[in-house]
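Asks: Predicted model follows, preceded by the sequence.
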Amino acid sequence: MGSTNSTLLKIPNVEVLMQETGFSPAHIIRLHDRFKALDKEGRGHLCPQDFGAIKELAMNPIGDRIIGAFFSPGKETVDFDTFVKILAHFRPVDKDRPKELNSPEPINSRSNKLRFAFQLYDQDKDGKISRDELLQVLRAMLGMQVTEEQLESVADRTIQEADLDRDDAISFEEFRKSLEKINIDNLMSIRFLR
Amino acid sequence: MASSIYFCLLRTVFLVCFVNPLIQGLSGDVNLVNDRRHQLGNNLTGLPIVTFDWHHVQTPYLVIIWVFVAGLAKLLVIELNHHVINVIPESGLLIMMGFILGGIVWGADKAQTFKLFPPTFFFYLLPQIILDASYFMPNKLFFSNLGSILIYAIFGTCWNASTVGLSLWGCYEAGVMGNLDIGLLQFLLFGSLIAAVDPVAVIAVFEEVHVNEVLFILVFGESLLNDGVTVVLYNVFDAFVALGGPRIDAVEISKGIFSFVVVAFGGSFLGIVFAILLSLLTRCTKHIQIIEAGFIFVVGYLAYLTADMLSLSAILSVTFCGICCQKYVNANMDEKSVTTVRHAMKVLANGSETMIFVFLGVTAIDTEIWVWNTGFILLTLLFVFIYRIIGVFLLTWMLNKFRLVPIEFIDQVVMSYGGLRGAVAYGLAAMLDQDKIPEKNLILSTTLIVVYFTVILQGITMKPLVQWLKVKRAAHSDLKLIEKVNNRAFDHILAAVEDICGRIGDNWWTRGWNRFEENYISWLLMKPKARKNRDYLFSIFHKLNLEDAVNYVSEGERQGSLAFIRSDEAANVDFKKQFGSEFTDVMPDIMVDMSNYELGIETFSVTSIIKDTIPSVSLDIHGQDRKNAMDDVNAHHLLQQHLYSSRKHHRHKYSRSHFGINQSENEVQEIFQRTMRSRLESFKTAKMGVSPAKKITKHHKKELTHKMANGHPDGTGHLYGDEVDSAVGSETGAIRGTFLRDTYTVGAGIENPVVFPDMDSSTHNSLPWLMETDAVAPSQRAQWHLPWTPNRLRRLAPMRISTYSTDSFLMADLEEHEEKPQTDHE
């Protein structure tokens, strides 16, 4: 795999990347290897087919959504920086991080994780999860036996529970509030990205 | 309850009335036992019409009677009250049943005529269990954890053996055990035979406690591989004991170490040789398909015996034979043979296991072997237990520094508690030479007690222990709908991101091996047809699936609603025809365009993908939360029932008694189909500029989706390649299939996967099936439910359309309609 330093040097902006994401050099290298492995044609960026090549994702009901999350609106490719930054959302939270008031919130902070999840629901990026968007997510996650009526009733009830300002949509704040009890740090962290 | 009492009575009656006289006949009356001819010669006064000739059939009869009785014992054990079953593991109950049986025989005969003789055990009962274990071994999981498994097997066993032996010797020297004619070497010998974790016992108990698969494979793999160490240690110390203390010097010790290398690697290598032989054989057995299933067992057994003959590790030999041959054998053999092998394997393994446990019980009822030495026995139990715990924690601590996914505390507890000893230890103890080891009976008794202790007591307490540990960590609270949905969504997200990160060694080494394997080894060992099928079939099927569905619909569109019933032009695809020809004949337009892209689905098994990411030790099937909803029962219930489970909730796959079909496999199939469909839909959209209907129409659509899928019972059935089965999880070989261009409208969400393909919006409203009527009688095919039954899934082993297709309905359809290959559907 080459020595650590030489591999690191090959990656552009690696210092900035490590700073922003908080990944250690070893992780950056690992992710870089993974990036290169996914990028079968060696173009230096990933396109949707490369993600599609990960067979397990096809077995994931919202796998395609997550793939979509890697691609910023309008862009059709993912470069290494974006790749790492998005994966940084899933780093376990640094419990010992000193509270610096001036520095921006780290990517893997709780609210950023929530925001990432929120964007998975909110496909049109209007800041709210509309009933239709919720329906789509539910449709993806529920078995085929569920009829449309049942689906819609579940979606209605879900919105009812979470929607506090009665606008028939879930805003980010309402989303965050509804997940207070849940330990996001555990649920959205991958241990080996520590 | 009544039936179990009935069985109980039946068996007792049977045993008392039938077996007893047989045994009496064995040892008793000479007259009854006379040879038929002898009788004829001596006492012949007239023509005997019927004679009773026990001696003539004695040996096979006894064997069969015991097999029969063991089977009945298992039946009885299963029929017992469920409370009992939940508390005491089946293996424990079987041992107790063995006690009873032993008692009966003892009562009749005053001597234990039926014991578990080591040769019987090692030659006739053990090989099939190991073969079963290795044949169904989840390969990918096994090899990715191989390092850890080896560490546990080698160092763990050595640690156990040495510490137990030395501690016992120390205590002996300290005088705790009284006077025994025993020395250090013999203690070490004892340590080596008691140290090994037993695969039979481990599986039996772990089946009751469902653990995550990493943990399972670690313990299971360790129990299989430690035989290499056990055999070596046992033989080395046995030889040392024979040589005597003074003659052991550095040379002998180094020879001992060297012999480990030879035995272990030799055994494995031999197993691999036999695996190659087996794969080559199955490659050529096209014309004797009726007996090709037998080859697996024959060659497997040969591997075992050959290794034993060469004093190599027989268990390792069989293990590697099974592990290496799985993939090729499953690909080469006819589907029915594969099914036969699977079922037969389970029957044999289950039967052997039952007999082993029953006989372990029977053997106990024998006054001759029991020697009681409180100190020795209690100390052994203590040391075995403690050193296992220490060993596991120590090794895990070291391993966690190197492992990608560390082994959690709760896993370590289960692993150390799950170090069960079983019949292998007993067999080794029974093989000791009485002359060289005067205290053989003591050792034997102790071994039996250790076995009973671990299997029965630890088996009983394993579940409560796990429950206690787990419950401490789980938080109980009633969740709202949104929380449940989000919880599940997060599980999925996490699973997806882990896959993107490539959590299982997707490194240069595995990729290199995969390439090598695909190019050279598969070329050698797999039938060419199987290789081709593996590569192309999936993607082809998939496109055909959609093609077919599209045609189905356009037919209906053109001819009105009744087209579904009476269409002559098949929306059928003649699979055979298409697969016989070059694949590019199929759907030329799409094929050509997509040929540059990989579909991204390599040969894989659905179940191999299902992994537990977060170690969760769960109890039985009902372990998932079943909480009732607070306010709206229906909504919560709905979520409960129908939310797709994420990887976290999937159980491990290897099981002695089932083929391990998870309900989740159906789910995964469904998810997979939907994803693939939606991807191809998006492709079609992008290509043809027709936007699919975004609206979620009424449930007719769902029905129709079912119809779409229903249209391909056979094809769906053959969707997944050789390894749907839990055992085989290798994913080699990229499929030069097809994929889609610009699948994802970037940044936007995914289109509704239930969206209907290629619908022209103008005809949208006129399509009969979209109206709220039941005007369309579902076609013959559409009436069947998605053919994803466990049995059907089981047939998926080789990816091919069988020439002996048993799909009556598909065949019926093909016969009714004209067969017309679908080329252009536009």
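Replies: That came in fine, so what should we check first?
Asks: Is it correct that residue B:206 is in contact with residue B:420?
Replies: No: Residue B:206 is not in contact with residue B:420 according to Cβ atoms under 8 Å; the separation is 9.1 Å. C-beta: built from backbone N, CA, C; applies to glycine.
Asks: between the two, which one's more packed in?
Replies: Shown here are residue B:206 and residue B:420; by other Cβ atoms under 10 Å in any protein chain shown, residue B:420 has more neighbours (28 against 25).
Asks: Now for the nearest residue to that one once chain neighbours are set aside: which residues touch it?
Replies: Excluding its sequence neighbours, the residue lying closest to residue B:420 (Cβ to Cβ, 6 or more residues apart in numbering or on different chains) is residue B:201, at 3.9 Å. Applying Cβ atoms under 8 Å, 6 or more residues apart in numbering or on different chains to residue B:201 gives the contacts B:91, B:420-423, B:451, B:454-455.
Asks: at 10 Å instead, please
Replies: With contact taken as Cβ atoms under 10 Å, 6 or more residues apart in numbering or on different chains, residue B:201 is in contact with B:89, B:91-92, B:223, B:353, B:356-357, B:360, B:418-425, B:451, B:454-455, B:458-459.
Asks: all helices of chain A, in order?
Replies: A:4-10, A:14-21, A:25-38, A:48-52, A:55-58, A:63-70, A:80-88, A:110-121, A:131-141, A:148-162, A:172-178, A:184-187 (DSSP state H).
Asks: Would you convert those into TSV that also reports distance to residue B:104 and mean neighbour count?
Replies: Shown next, in TSV, are the helices of chain A (distance: least, Cβ to Cβ, whole Å; neighbours: other Cβ atoms under 10 Å in any protein chain shown):
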stretch	distance to residue B:104	mean neighbour count
helix A:4-10	70	12
helix A:14-21	71	16
helix A:25-38	63	18
helix A:48-52	64	23
helix A:55-58	54	22
helix A:63-70	60	24
helix A:80-88	66	19
helix A:110-121	65	18
helix A:131-141	57	21
helix A:148-162	59	19
helix A:172-178	65	17
helix A:184-187	56	16
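Asks: got those as JSON lines, with mean pLDDT and distance to residue B:266 columns?
Replies: Output for the helices of chain A, formatted as JSON lines (pLDDT from 0 to 100; distance: least, Cβ to Cβ, whole Å):
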{"stretch": "helix A:4-10", "mean pLDDT": "69", "distance to residue B:266": "39"}
{"stretch": "helix A:14-21", "mean pLDDT": "81", "distance to residue B:266": "48"}
{"stretch": "helix A:25-38", "mean pLDDT": "81", "distance to residue B:266": "36"}
{"stretch": "helix A:48-52", "mean pLDDT": "79", "distance to residue B:266": "44"}
{"stretch": "helix A:55-58", "mean pLDDT": "74", "distance to residue B:266": "37"}
{"stretch": "helix A:63-70", "mean pLDDT": "82", "distance to residue B:266": "45"}
{"stretch": "helix A:80-88", "mean pLDDT": "84", "distance to residue B:266": "45"}
{"stretch": "helix A:110-121", "mean pLDDT": "83", "distance to residue B:266": "53"}
{"stretch": "helix A:131-141", "mean pLDDT": "84", "distance to residue B:266": "52"}
{"stretch": "helix A:148-162", "mean pLDDT": "82", "distance to residue B:266": "61"}
{"stretch": "helix A:172-178", "mean pLDDT": "83", "distance to residue B:266": "62"}
{"stretch": "helix A:184-187", "mean pLDDT": "67", "distance to residue B:266": "47"}
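Asks: what helix or strand does the residue nearest to residue B:420 sit in?
Replies: helix B:199-206 (DSSP states H and E).
Asks: and residue B:424, what element?
Replies: helix B:423-430.
Asks: orientation of that helix relative to helix B:199-206 in degrees?
Replies: In terms of direction (axes from the mean of the first three to the mean of the last three Cα atoms, to 10 degrees), helix B:423-430 departs from helix B:199-206 by 150 degrees.
Asks: Just the buried residues of helix B:423-430, please?
Replies: Residues B:423-430 are the ones in helix B:423-430 that count as buried (16 or more other Cβ atoms under 10 Å in any protein chain shown).
Asks: Packing partners of that helix?
Replies: Taking 3 or more Cβ pairs under 10 Å, 6 or more residues apart in numbering or on different chains; DSSP states H and E as contact, the helices and strands that helix B:423-430 lies on are helix B:118-119, helix B:126-135, helix B:184-194, helix B:199-206, helix B:213-243, helix B:335-364, helix B:440-452.
Asks: how about JSON lines for these, with distance to residue B:146 and mean pLDDT added?
Replies: Formatted as JSON lines, those follow (distance: least, Cβ to Cβ, whole Å; pLDDT from 0 to 100):
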{"stretch": "helix B:118-119", "distance to residue B:146": "30", "mean pLDDT": "86"}
{"stretch": "helix B:126-135", "distance to residue B:146": "14", "mean pLDDT": "91"}
{"stretch": "helix B:184-194", "distance to residue B:146": "23", "mean pLDDT": "88"}
{"stretch": "helix B:199-206", "distance to residue B:146": "16", "mean pLDDT": "82"}
{"stretch": "helix B:213-243", "distance to residue B:146": "8", "mean pLDDT": "84"}
{"stretch": "helix B:335-364", "distance to residue B:146": "23", "mean pLDDT": "89"}
{"stretch": "helix B:440-452", "distance to residue B:146": "28", "mean pLDDT": "89"}
